[in-house]
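>>> Quick one: sequence and predicted model below, then my questions.
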Amino acid sequence: MTGGARVAVVGGGLAGVAAALRCAEAGLAVTLLESRARLGGVAGSFTRGELAVDTGQHVFLRCCTAYRDFVARIGAADLIMIQERLDIPVLAPGAAPARLRRTALSRLPAPLHLGGALLRYRHLPVADRFRLVRAALALGAVDRADPATDARSFGDWLAAHGQGRRAVDALWDLVGIATLNARAGDASLALAATVFQLGLLTDAAAGDIGWATAPLGAIHDDAARRALAATGVEVRRSAKARALVQDGTRPGGRWRVPLATNDGEEELVTDRIVCAVPPGPAERLLPAGALPLPGGWADRLGSTPIVNVHVVYDRRVLADDFAAGVDTPVQWVFDRTGQSGAAAVYGPGAQYLAVSLSAADDLVGLPAAALRERFLPALEALLPAARDAVVLDSFVTREPHATFRGAPGQAALRPGPRTALPGLYVAGAWTDTGWPATMEGAVRSGEAAAEALLADRAAVPAEAAA
């Protein structure tokens, strides 16, 4: 270990795991504290009987380099896959399917690599398709680092660039709601520009979609714990931090972390802390004045829910791995049969689908029965094979505070990794990563906090750090 330095990472989501790994790889003694019984945060899994269920459907893009490197570092690269090229089936009730995909033989640079797909996109009138291409080119030139960009809504920008309601519904929100967890009118232009520029408008292969071929818990919990153990990180699950207390009175320790565990109350003493929890818990844990934010900043940053409606049919009704929907309440639907072990539970012919519903403020409070009444007929309208299929099972999962609310002006409430208190750092997808609330942003935040911690430690003379 380097000078006996001790680091406590509070929070075992992707940000916390990434920070813990980086600090341990640098030779520091790291303890990772997680209040739940599992790691992974909102990108985890649980079991329902013998069925493996992800807490939400999470995908990533080829441009998500930090997340892909993270998965490789924890030894789980064989548990994810990425499309050879972007290909999104888009379904609408009573209409022939369309596909948004880049042509394999095309050598056109981005964003022209999608020009053919957009011009052939049957869910938009021809005139709208040409306006769509012009708007895409203009979006590629938006300065997402300009504070004025963050202060403007994506919907306002789209309207100013000739994008009507149909174009927003059939294209911009089709991508934007799933990645921003917000509709165009409610989303920051800066965050939207990040998604579209990095994912679709900069590099031809950047937007290829990837997903887990195993339950998320196999990656973000099982594989993560093995990697953490291999680097010497002590992982303490079911250990909830009560406060972060600066304390210069204890020899060799600068911070105290009172804990509630299954065995009762105790206290951890450490030299450095990375606080990698969601905004609400972070505001409660952080000492006053740690961040240059007004009181109540977590409430102002806000949160947005995600709801998933899970349906198991007695036969295959969706031919693709996933599909997006237009003119339907179904936003995206994913085939979860292989990852979940559904065949062993329901029989070899069954198919398990998960309908992922982002920006779900109007749905999160509805009873499961009401959601089934809305979405089972919607699936039948999209998937003709579902009309004759038998529903073997259905249930609902909810993440009421899945992400921070990526509204205009929220960048001012997203701090960097350093705080005003020496030895205390923050991480989480809600911090200033330049990304919306994604797995990529979470990993980037954890690594940024660890890098700041290591840089600050390196700047302290060895005798002072001891």
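All right, it came through fine. Numbering: from 1, shown residues only.
>>> contacts, neighbours, all on C-alpha from now
Noted.
>>> Give the residue spans of this structure that score low on pLDDT.
Along the chain, the parts satisfying pLDDT under 70 run over 1-4, 104-112, 249-253, 460-466.
>>> show me where the stretch 301-450 of the chain has strands.
According to DSSP state E, counting those that start in this stretch, the stretch 301-450 of the chain carries its strands in the segments 303-313, 322-325, 332-335, 351-357, 391-404, 424-426.
>>> isn't residue 390 right next to residue 316, touching?
No. Using Cα atoms under 8 Å, residue 390 is not in contact with residue 316; the gap is 10.6 Å.
>>> the more surrounded of these two?
For residue 390 and residue 316, the more surrounded residue by other Cα atoms under 10 Å is residue 316, and the numbers stand at 17 against 12.
>>> Just list whatever residues bridge to the closest residue to the more buried one other than its chain neighbours.
Leaving aside its sequence neighbours, residue 316 sits nearest to residue 351 (Cα to Cα, 6 or more residues apart in numbering; 5.2 Å). With DSSP bridges as the criterion, residue 351 is bridged to residue 313.
>>> Quick check: residue 415 vs residue 221, distance?
27 Å (Cα to Cα, to the nearest Å).
>>> So those two - more neighbours on which side?
Ranked by neighbour count (other Cα under 10 Å), residue 415 and residue 221 place residue 221 first, with 24 against 17.
>>> so how far is residue 373 from that one?
For residue 221, the distance to residue 373 equals 34 Å [Cα to Cα].
>>> Name all residues that make contact with residue 375.
309, 329-330 (Cα atoms under 8 Å, 6 or more residues apart in numbering).
>>> what does residue 68 give?
Contacts for residue 68 (Cα under 8 Å, 6+ apart) come out as residue 77.
>>> Mind listing what's buried along the one helix or strand it maps to?
Residue 68 belongs to helix 65-73 when assigned by DSSP states H and E. Applying a neighbour-count criterion of 16 or more other Cα atoms under 10 Å, one finds 66-68, 70-71 buried in helix 65-73.
>>> Now do that helix: distance to the chain's middle.
Its chain's C-alpha centre and that of helix 65-73 lie 14 Å apart, by Cα atoms, centre = their mean, to the nearest Å.
>>> Show me the contact partners of the helix or strand just after that helix.
Going down the chain from helix 65-73, the next helix or strand is strand 80-82, by DSSP H and E. Residues outside strand 80-82 that contact it (Cα under 8 Å, 6+ apart) are 61-62, 208-214.
>>> now with 6 Å?
The contact list for strand 80-82 (Cα atoms under 6 Å, 6 or more residues apart in numbering) reads 209-213.
>>> now swap in stretch 83-97 and tell me
98-102, 208-209, 323-327, 381-382.
>>> Quick check: buried residues in that stretch?
Applying 16+ other Cα under 10 Å to stretch 83-97 flags 85-93, 97 as buried.
>>> returning to what we had before: ok, of the contacts of residue 375, which come out buried?
Neighbour counting with 16+ other Cα under 10 Å marks 309, 330 as buried within the contacts of residue 375.
>>> Dump the contacts of residue 375 into JSON lines; add distance to residue 448 as well.
What follows is the contacts of residue 375, written out as JSON lines (distance: Cα to Cα, whole Å):
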{"residue": "309", "distance to residue 448": "35"}
{"residue": "329", "distance to residue 448": "38"}
{"residue": "330", "distance to residue 448": "36"}
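>>> Packing partners of the longest helix seen in the chain?
In the chain, assigned by DSSP state H, the helix with the most residues is helix 439-458. Other helices and strands packing on helix 439-458, by 3 or more Cα pairs under 6 Å, 6 or more residues apart in numbering; DSSP states H and E, are helix 14-25.
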